[in-house]
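> Need coordinates for the following:
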Amino acid sequence: MTEEFGPCGLGWGVGEPSFHVHPGCDGELLVYCTASVWYRDTATPTPEAQAAGMEIVYGEKCTVYGVGGDKVVNKFSSGLKSDDEAFKKAFTDAVTNALKLIGVGADVHMGMFDDNKYVNTMREEFAEPAEKPKRVVGINSQTGMATAHALKKSDSPDNWRAFESELLECNSVAMLTKLALAWSGVAERDKWPAHWRDLAKEEINKRREVVLNGLPDDDVFPGDTPLKGNAYADNYQAG
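Numbering: from 1, shown residues only. Okay, here's the model as predicted:
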């Protein structure tokens, strides 16, 4: 205001405020303030004119009004508490609302700053209502992740059974690597839970061991394992 209209008291100023106290709910006490702000249109001379001694010319007096409010007594869970700054807050709020009418702080009220209480109010007032997420069978509504039961039960191609089927078809490390890359994308897309991703890695590692070392054989037949130090056995295995 000083930059635009000159010193306070000459180019602009604030009238005497009026306060009204009203009872609120549950013992709370509210205070409302009405304040006026006046200003004058100014004719600022050019630097050359100022150097020649020409003074600023103040024009007609204009007035705008604003209303503000606050709580003198607040209700908290611990009880009622008074606020000795309530009248000052209400007065500041009223003056701010009056100045807003002539464009003071327009950048703030337009949302260019995030530390003003009006910004959040405007965002909430004009924000488009968010769509309520639809419930999807097999997806945890809180985490957004697929449930373990859904992974086992699902008959779609991108499920655990399909993973196990493709895993059994892998007969080389290269095939396992390709499968791991493909199913990591599927797990990310379908939002597999972390424990299912860990289980998938474990199954791939088990399959890798089988590919590299072969299946464990529990049935041992004569001739499968060489017997050393037994002449009869040596002759038998030799045919």
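> Residue 22 belongs to a strand?
Yes - assessed with DSSP: H, G, I helix; E, B strand; the rest coil, residue 22 lies in a strand.
> I'd assumed residue 28 was in contact with it.
No - between residue 22 and residue 28 there is no contact, the gap being 9.8 Å when judged by Cβ atoms under 8 Å. Every residue, glycine included, has its C-beta placed from N, CA and C.
> who has more neighbours, the two?
A direct count of neighbours by other Cβ atoms under 10 Å for residue 22 and residue 28 places residue 28 higher, at 14 against 11.
> list the contacts for the more buried one?
71, 73, 74, 75, 80 (Cβ atoms under 8 Å, 6 or more residues apart in numbering).
> Among the residues you listed, the buried ones, what's the ChimeraX command?
In ChimeraX, this line selects whichever of the contacts of residue 28 come out buried by 16 or more other Cβ atoms under 10 Å:
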select :71,73,74
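> With respect to pLDDT, which of the contacts of residue 28 ranks lowest?
Ranked by pLDDT, the contacts of residue 28 bottom out at residue 75, which has 89.
> In the sheet, which residues pair with it? Tell me.
Here residue 75 sits in beta bridges with residue 80, going by DSSP bridges.
> For residue 208, give its distance to residue 7.
83 Å (Cβ to Cβ, to the nearest Å).
> part of a strand, is residue 70?
Yes - the assignment for residue 70 by three-state DSSP puts it in a strand.
> my guess is it meets residue 86, correct?
Yes - counting by Cβ under 8 Å, residue 70 does reach residue 86; the two are 4.4 Å apart.
> tell me what the lengthiest helix in the chain is packed against?
Across the chain, the longest stretch assigned as helix under DSSP state H is helix 194-213. With contacts taken as 3 or more Cβ pairs under 8 Å, 6 or more residues apart in numbering; DSSP states H and E, helix 194-213 sits against helix 148-153, helix 160-168, helix 173-189.
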